[in-house]
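Asker: need a structure here:
(one chain, ligands or ions: 1)
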Amino acid sequence: MRGVIVPSMSITRRNLMLAGAGALAAGTTALGTPASAAAVVDYPGAEWIPATSSNFTVSTRPSSYPINVVVIHVTQEYYRDAIAIFQDPARKVSSHYLVRSGDGHIAQLVREKDIGWHAGNWNYNTRSIGIEHEGWVDQPQWFTAQMYAASAALTRAICDKYRIPKDRSHIIGHNEVPGATHTDPGPLWDWTRYLRLVNN
Ligand SMILES: [Zn+2]
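Answerer: Numbering: from 1, shown residues only. Got it, this is the predicted structure:
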């Protein structure tokens, strides 16, 4: 995600967990029953929270473009603020999925058939799925066991669906996209742990 915003106050793990539970309950109320959400998402269990149509490109992947890369991001924003950015037509940014730190809850914002604007590289956007993770690259306490596990299960499902090899050539950081000006997910993201979970 663009921009680096340092949180104005530290948040304890306990408060984060409580905030996450509240956001989940609010989202369920606002968006309808889990059954209706399940009908639209590409990943069972994800919550459908659509990005504005101004922030992605409608497509017919994988027929229009093959999907052969998963790009891992860290938001540099709180979960709720990241969603607001994806829903703001002025921001021109989106990701297919967003994983919440406290509980591993997954929001889907862009259909997998459509092209998210997350990699900063059109070629990589056309052939990738973008997964954002709530947190800050220099604050590894945001990279919780719940978030690693939920994200790895999502990446595993994506790789199985599109026959993407589960390796570091195909599961890459935003910083590894050619021409990337962003550093996420950063050196504190545990790639060894993540790939082990993806390959479980
Ligand atoms: Zn990024």
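Asker: which residue ranges form the helices in this protein?
Answerer: Secondary structure of the chain, counting by DSSP state H: helices at 13-31, 34-40, 79-86, 122-126, 145-162, 191-198.
Asker: so which elements touch the last one?
Answerer: Right, the one you point to is helix 191-198. Taking 3 or more CB pairs under 8 Å, 6 or more residues apart in numbering; DSSP states H and E as the contact definition, the neighbouring helices and strands of helix 191-198 are helix 145-162, strand 171-173. All C-beta atoms are positioned from the backbone trio N, CA, C, and that covers glycine.
Asker: deepest of the ones you listed, which one?
Answerer: The highest average neighbour count among the helices and strands packed on helix 191-198, using mean count of other CB atoms under 10 Å, belongs to strand 171-173 at a mean of 22.
Asker: burial check on the residue nearest to residue 188 when sequence neighbours are not counted, number of neighbours?
Answerer: Distance criterion CB to CB, 6 or more residues apart in numbering; nearest residue to residue 188, sequence neighbours excluded, is residue 140 at 4.2 Å. Here the number of neighbours of residue 140 (other CB atoms under 10 Å) works out to 14.
Asker: surely residue 140 meets residue 185?
Answerer: No: between residue 140 and residue 185 there is no contact, the gap being 10.2 Å when judged by CB atoms under 8 Å.
Asker: any idea of the mean pLDDT in stretch 111-127?
Answerer: For stretch 111-127, the per-residue pLDDT values average out at 98.
Asker: ditto for stretch 61-72
Answerer: The average pLDDT within stretch 61-72 is 98.
Asker: which parts of it are buried?
Answerer: Within stretch 61-72, the residues that count as buried by 16 or more other CB atoms under 10 Å are 61, 65, 67-72.
Asker: kindly report the same for stretch 118-131.
Answerer: 118-120, 124-131.
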